[in-house]
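S.K.: Dropping the sequence and predicted coords here.
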Amino acid sequence: MKPLVEFCASNVSSYTQSVVDALENDPELDVDVLEYGCLGYCGECYMMPFALVNGNLVQAETAEELLVKIKNKLREEDELDALFPL
């Protein structure tokens, strides 16, 4: 199953459109990128860039830092899957 990265539409319009574009256009990544009207993280949404990676909150001070954190989280989860396959 592909990893899932979810974004809040309000956060995308304020902070993370560049992150969405980068994830969707990265030839090295095979992830599903979805945008919802609301993810229920209103405090975080208003304050800083964030996303949910397979349901886990990832946030950062800048969009560039968020992209790095998302990629790191995806790598960590991929490594865990390799160690403990289903």
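M.R.: Done, it's in. Everything numeric here is computed off the predicted structure, so don't read it as measured data.
S.K.: For this structure, which residues score under the pLDDT cut-off?
M.R.: Where the chain drops to pLDDT under 70, the residues are 86.
S.K.: need the strands for it, in chain order.
M.R.: Listed in chain order, the strands of the chain (DSSP state E) span 4-8, 32-36, 50-53, 56-59.
S.K.: so can I have a markdown table of those strands showing distance to residue 14 and mean neighbour count?
M.R.: (C-beta placed from N, C-alpha, C; glycine too.) A markdown table is the format used below for those (distance: least, Cβ to Cβ, whole Å; neighbours: other Cβ atoms under 10 Å):
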| stretch | distance to residue 14 | mean neighbour count |
| --- | --- | --- |
| strand 4-8 | 9 | 20 |
| strand 32-36 | 13 | 15 |
| strand 50-53 | 11 | 23 |
| strand 56-59 | 13 | 14 |
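S.K.: could those strands be laid out in CSV, adding distance to residue 71?
M.R.: Shown next, in CSV, are the strands of the chain (distance: least, Cβ to Cβ, whole Å):
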stretch, distance to residue 71
strand 4-8, 10
strand 32-36, 13
strand 50-53, 10
strand 56-59, 10
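S.K.: Quick one: end-to-end length of stretch 12-29, please.
M.R.: With Cα to Cα, to the nearest Å as the measure, stretch 12-29 spans 20 Å from end to end.
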